[in-house]
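[1] One predicted model, sequence on top.
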Amino acid sequence: MSQDGYTLNLIDSVSTESAEDFTFTVIGPDGSPVKDYEVEHDKKLHFIVASRDLTSFQHLHPELFPDGTWSVRLKAPKPGPYRAFADFVPTGGEKLTLGADLMAGGDYRPDPLPEVSRTAEVDGYTVSLDGNLAPGKTTKLTLTVSKDGKPVDDLEPYLGAYGHLVALRAGDLAYLHVHPEESDTAGPGITFYAEAPSRGDYRLFLDFKHKGEVRTASFTAQADPDAHAADHTH
């Protein structure tokens, strides 16, 4: 929740009934809300909300008000615990990801973590994963988008790239550092470099845009020290 003098300040509850205005601030080292942010991936702040069982994922872009308050419409799809992440760069500072727990009231029934898979289906699209996570290393992951058996080569830019990937570790929901490889081609393959801090299970969430709509493909992957993985040095 806090790092380098910055703290994510938010209420810890969210509604399952309807989308409501959810507000929060980032408190800076001087004790007041941060008002100035750098633009990264086309936005000043990325707000991620994931259920603890990692079956629900939302990537939102709140509105910043002059007093440093962020606001976004938010609804939890089911009761239970969630983790919220604010991903941002304060003006003149370093990139930060701050997290906080949220709770949606009601009868909590966690779903099991989906099985490890190399493919994901969403709205008639198939996304395939090539590459492996490896503990303690940065590895190359390529996600390829197809529809009706044909490669999609006219993806549209989303957040400054042809895709945006979030990776979370199962259990504690640690947020992994992932960055896209610059590409001049609009698919079907989108390449990222991901750092897995430890062995174990992870959930990968790929946002991609096609024909004006953003969709999210979800994968379960394992970081295995014995898997062949391509190293990459920054």
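    Structure received. Numbering: from 1, shown residues only.

[2] H61 and K43 touch, don't they?
    Yes: using CB atoms under 8 Å, H61 is in contact with K43, at 5.2 Å. (Each C-beta comes from the backbone N, C-alpha and C, glycine too.)

[3] Spatially central residue for this structure, please.
    V166 (3.2 Å; CA atoms, centre = their mean).

[4] Run a quick check on that one versus H59, I expect a contact.
    Yes: contact criterion CB under 8 Å: V166 and H59 qualify, at 6.8 Å.

[5] where do the contact lists of the two overlap?
    I48, F205, D207 (CB atoms under 8 Å, 6 or more residues apart in numbering).

[6] I'd like these as JSON lines, with pLDDT appended.
    As requested, the shared contacts of V166 and H59 are exported to JSON lines (pLDDT from 0 to 100):
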{"residue": "I48", "pLDDT": "94"}
{"residue": "F205", "pLDDT": "95"}
{"residue": "D207", "pLDDT": "93"}
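
[7] can you list the weak-confidence ranges in the chain?
    Applying pLDDT under 70 to the chain flags the ranges 227-234.

[8] 50 - rerun?
    229-234 (pLDDT under 50).

[9] Point me to the residue sitting farthest from the middle of the protein.
    D30 (28.5 Å).

[10] Contact partners for that residue?
    Contacts of D30 (CB under 8 Å, 6+ apart): none.

[11] Would you quantify the distance from it to Y6?
    11 Å (CB to CB, to the nearest Å).

[12] what do you get for L113?
    31 Å.

[13] And those two? Which one has more around it.
    Y6 (20 against 15; other CB atoms under 10 Å).

[14] and G93, what are its phi and psi?
    When read as degrees, to the nearest 10, the backbone of G93 gives phi -120, psi -170.

[15] Report how many residues lie close to the residue lying closest to it once chain neighbours are set aside.
    Take G93 and drop its neighbours on the chain: the residue closest to it by CB to CB, 6 or more residues apart in numbering is D4, 7.4 Å away. If you count neighbours by other CB under 10 Å, D4 ends up with 12.

[16] Might one say that D4 is in contact with E94?
    Yes: counting by CB under 8 Å, E94 is a contact partner of D4 at 6.9 Å.

[17] Endpoints of stretch 86-103, how far apart?
    When the termini of stretch 86-103 are compared using CA to CA, to the nearest Å, they are 17 Å apart.

[18] got a list of contacts for it?
    Contacts of stretch 86-103 (CB under 8 Å, 6+ apart): 1-4, 6-8, 10, 12-14, 24, 26, 28, 34, 36-38, 40, 44-49, 70, 76, 80-85, 173, 175.

[19] Just the buried ones out of those, please.
    6-8, 10, 14, 24, 26, 28, 34, 37, 44-49, 70, 76, 80-85, 173, 175 (16 or more other CB atoms under 10 Å).
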